[in-house]
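A.B. asks: What shape does this take:
(chains A, B, C and D)
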Protein chains: 2
Amino acid sequence: MTISKALRGHRDISEETRKRVLKRARELDYRPNWVARSLVTRRTHMIGLVIPDLMHSFFAEVAKGVSRMVEPLSYQIVISNSEENAETEERQIEMLSARNVDGLIVASAHVNGRRSAMRSLLKRKLPCVLIDRMPAGLDAHFVGVKDEEIGALATNHLIEQGCRRIAHIRGPAITTGTGRLRGYRRALARHRLEALPEYVVSGWHNDSAGYEAMIQLLRLDCPPDGVFCYNDPVAAGAIKAILESGLDVPKDIAVIGAGNVHYSDLLRIPLSTVDQSSSVIGETAAEVLVRCIEAKTPLPPQRILIRRRLIVRDSTLRR
Amino acid sequence: MTISKALRGHRDISEETRKRVLKRARELDYRPNWVARSLVTRRTHMIGLVIPDLMHSFFAEVAKGVSRMVEPLSYQIVISNSEENAETEERQIEMLSARNVDGLIVASAHVNGRRSAMRSLLKRKLPCVLIDRMPAGLDAHFVGVKDEEIGALATNHLIEQGCRRIAHIRGPAITTGTGRLRGYRRALARHRLEALPEYVVSGWHNDSAGYEAMIQLLRLDCPPDGVFCYNDPVAAGAIKAILESGLDVPKDIAVIGAGNVHYSDLLRIPLSTVDQSSSVIGETAAEVLVRCIEAKTPLPPQRILIRRRLIVRDSTLRR
DNA sequence: CTGAAAGCGCTAACAG
DNA sequence: CTGTTAGCGCTTTCAG
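C.D. replies: As a prediction, this is how the structure comes out:
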């Protein structure tokens, strides 16, 4: 016991004893066993991070933010890649909870969380922070952006640049996708522009989806002169399709994305986008989570909305 | 005990008892505690993954490969972002070992591993697989590519495209950096081309380093007509600098990178590169690691070299 | 200030 | 096939 205390720097150990203990520990190359410690303290100092795609630059940036925030607090991150698959996510969350992580940060692939593993964790008062997406029926902390504003901001910008036939390559049916779509519609309505149904095409999260969707739009009798894309990878794919068809960006078609992923500035046509401070999302989520973990009593769920801002680059600049 | 066995599917439990146990477990919403289990089995089913930068697309892809491989084996990944900082890496590796991860995959920020935490883990026979970089003095498994060949392949390609004044924006003093530099020099020597010292400029891993380094090269009295860059982000930065200076890629200066990161095809000028199958590196490393973990006796260190291949895109195509 | 007693939740080994 | 005994390495509690 004396040794345990000495090693953890308890104050009720005499200086002399501590020194002796530390010395001997070094001699023996002793390392405390965290598993055993966790068993008794019921704290693992691990947090689970569940994201849909490590390779999507947005989530990589979020993960980095989380990592940067918790490193000095000596928490470690158990990471799960759900591949946008709700079942994988369920399995992973169950695993994480069986491992007794102290808390969870989740960008969920679920549309509806009412019967999910997350729900049951929340019931058991395990600290959870949702990021980016907010599945229905989960009363947890949330850190993200106002997606409807992103959609409106981007669409308004296209309108201001003189676009009149504005299409949207939409994302999936999760809150980010539906929110941005709503913003797009709101902006069109406000400016009394038609919202043609064929101008909204379904996409997915990545550049190949954007590429395919754009090809569809280009086939229309009257193709759009501006496209708001669900996110930057989708926009990059869309631009590729436009250029391949022989048209010019932004002259023939202006394109804007969302997310301001790190390489957007290096793309064929530097991409206009709505920045959503990805690493701040990660840092904030980590901060909230740690606060929950270390609080005596559960905190009431917070919704933290991060600032978003328009970034104008060449892909929409039609002077 | 019967319950423990029933839950883990031991065969020496009657069908009837198992059913009863399972039923009751469900009723009670019972979940086994992995921490307690780990304490006695001495296996955590966690593997540590230490990488220098989550946001670098190459490492993100590696991580995804690892994740994809271990998910069905129900290992989980504890991830550490060393930020290319050797001290952070040391701390993280110590932590991971204190947590009793079953094994470690490390892309080390160390040049020399002789006195490192890794070294001491290897002594204690903890399974470790190095990836991408091979610090001196660590006798562990390795999965990566032949960096010298990457350098030679890329440089030869520039020569074949008619470049005669070939520069290299080199990486740091780790094996990837030095190997690629060696390959560059070898290729120049073989073709009897001068290796001007001012044509090798120091860089780092990222696009801003490439941008700065390229500016240096452009200031030379006789700037290069071809540049082999340490990796794709560096190349992307270099291209940005070239275009900003009013020159053309590839006509005035051809540029080639290495790594074939996912967005290379979407860049301003689609980037020629040497592919190194990043996700295969991750998958292979995970496979080797799991084999080590599950082997009764330590396996002799393997060096697995993944195929690399030249990918020619516009940035070097000067017909 | 130091240390003895008890137990965290589980499983290996073995006895019935 | 089922269950008992012992103990994984640590910390909480409390007595000296």
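A.B. asks: center of chain A - which residue?
C.D. replies: For chain A, A:D132 is the residue whose C-alpha lies nearest the centre (C-alpha atoms, centre = their mean; 4.5 Å).
A.B. asks: need the contact list for that residue.
C.D. replies: A:F58, A:V62, A:A107, A:G144, A:T176, A:I281 (C-beta atoms under 8 Å, 6 or more residues apart in numbering or on different chains). All C-beta spots, glycine's among them, are computed from the backbone N, C-alpha and C.
A.B. asks: any idea how far B:A117 is from the nearest residue in space to the fourth one that is not next to it in sequence?
C.D. replies: If you skip the residues right next to it in sequence, A:G144 has A:D132 as its closest partner in space, 5.0 Å away by C-beta to C-beta, 6 or more residues apart in numbering or on different chains. Using C-beta to C-beta, to the nearest Å, one gets 34 Å for the distance from A:D132 to B:A117.
A.B. asks: ditto for A:E294
C.D. replies: Applying C-beta to C-beta to A:E294 and B:A117 gives a distance of 28 Å.
A.B. asks: between those two, who's got more neighbours?
C.D. replies: B:A117 (20 against 12; other C-beta atoms under 10 Å in any protein chain shown).
A.B. asks: For the more buried one, list the residues it contacts.
C.D. replies: B:E89, B:E90, B:I93, B:E94, B:S97.
A.B. asks: Equivalent analysis for A:D265, please.
C.D. replies: So A:D265 contacts A:L271, A:R313, B:K240 (C-beta under 8 Å, 6+ apart).
A.B. asks: could you dump those to CSV with secondary structure and distance to DNA strand C?
C.D. replies: What follows is the contacts of A:D265, written out as CSV (DSSP: H, G, I helix; E, B strand; the rest coil; distance: C-beta to the nearest atom of the strand, whole Å):
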residue, secondary structure, distance to DNA strand C
A:L271, coil, 50
A:R313, coil, 54
B:K240, helix, 55
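A.B. asks: right, and out of those, which lies closest to A:D207?
C.D. replies: A:L271 (11.5 Å; C-beta to C-beta).
A.B. asks: Surely the closest one touches A:V234?
C.D. replies: No - in this structure, A:L271 is not within contact of A:V234 by C-beta atoms under 8 Å, at 10.6 Å.
A.B. asks: Also within reach of chain A: list those from the contacts of B:A117.
C.D. replies: Residues of the contacts of B:A117 in contact with chain A (C-beta under 8 Å from any C-beta of the partner chain): B:E94, B:S97.
A.B. asks: Now the buried members of the contacts of B:A117.
C.D. replies: B:E89, B:E90, B:I93, B:S97 (16 or more other C-beta atoms under 10 Å in any protein chain shown).
A.B. asks: Leaving out the residues flanking it, which one is nearest to the third one?
C.D. replies: Translated: B:I93. B:A117 is the one closest to B:I93 (C-beta to C-beta, 6+ apart), at 4.2 Å.
A.B. asks: Which parts of chain A are strands?
C.D. replies: A:46-51, A:76-81, A:103-106, A:128-131, A:141-144, A:166-170, A:200-202, A:226-229, A:254-256, A:273-275, A:303-305, A:309-311 (DSSP state E).
A.B. asks: Please identify the most buried of those strands.
C.D. replies: strand A:226-229 (a mean of 32; mean count of other C-beta atoms under 10 Å in any protein chain shown).
A.B. asks: in its sheet, what does that strand sit against?
C.D. replies: strand A:166-170 (parallel), strand A:254-256 (parallel) (DSSP bridges).
A.B. asks: Can you say which of those strands is nearest to B:V227?
C.D. replies: strand A:254-256 (29.5 Å).
A.B. asks: what sits up against that closest one?
C.D. replies: Here strand A:254-256 has contacts from A:154, A:157-158, A:161, A:163, A:225-229, A:235, A:238-239, A:242, A:249, A:269, A:271-274, A:315-316, A:318, using C-beta under 8 Å, 6+ apart.
A.B. asks: could you redo the last one with a cut-off of 7 Å?
C.D. replies: With contact meaning C-beta atoms under 7 Å, 6 or more residues apart in numbering or on different chains, strand A:254-256 is reached by A:154, A:157-158, A:161, A:163, A:225-229, A:235, A:238-239, A:249, A:272-273, A:315-316, A:318.
A.B. asks: Can you give me the end-to-end span of stretch A:186-196?
C.D. replies: 13 Å (C-alpha to C-alpha, to the nearest Å).
A.B. asks: Would you indicate which residues of that stretch are buried?
C.D. replies: For stretch A:186-196, by 16+ other C-beta under 10 Å, it's A:R186, A:A187, A:L188, A:L193.
A.B. asks: ok now that stretch, how far from the chain's centre?
C.D. replies: 29 Å (C-alpha atoms, centre = their mean, to the nearest Å).
A.B. asks: about what we covered before: how about the strands of chain A, which one is nearest DNA strand C?
C.D. replies: strand A:46-51 (16.5 Å; C-beta to the nearest atom of the strand).
A.B. asks: Show me what the closest one is packed against.
C.D. replies: Contacts defined by 3 or more C-beta pairs under 7 Å, 6 or more residues apart in numbering or on different chains; DSSP states H and E place strand A:46-51 against helix A:57-70, strand A:76-81, helix A:86-98, strand A:103-106.
A.B. asks: Using CSV, write out every CA atom in that strand.
C.D. replies: Taking Å, rounded to 0.1, in the frame of the first residue of the first chain, the C-alpha atoms of strand A:46-51 are listed here in CSV:
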residue,chain,number,x,y,z
MET,A,46,-9.9,5.6,-22.2
ILE,A,47,-12.4,7.4,-24.4
GLY,A,48,-14.1,5.8,-27.4
LEU,A,49,-14.2,7.7,-30.7
VAL,A,50,-16.6,6.3,-33.3
ILE,A,51,-16.5,7.9,-36.7
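A.B. asks: now it, how far from the centre of its chain.
C.D. replies: Distance, centroid of strand A:46-51 to centroid of chain: 12 Å (C-alpha atoms, centre = their mean).
A.B. asks: could you check the angle helix A:86-98 makes with that strand?
C.D. replies: 170 degrees (axes from the mean of the first three to the mean of the last three C-alpha atoms, to 10 degrees).
A.B. asks: do stretch A:288-300 and DNA strand D meet?
C.D. replies: No - contact of stretch A:288-300 with DNA strand D (C-beta under 7 Å from any atom of the strand) is absent, the minimum separation being 14.0 Å.
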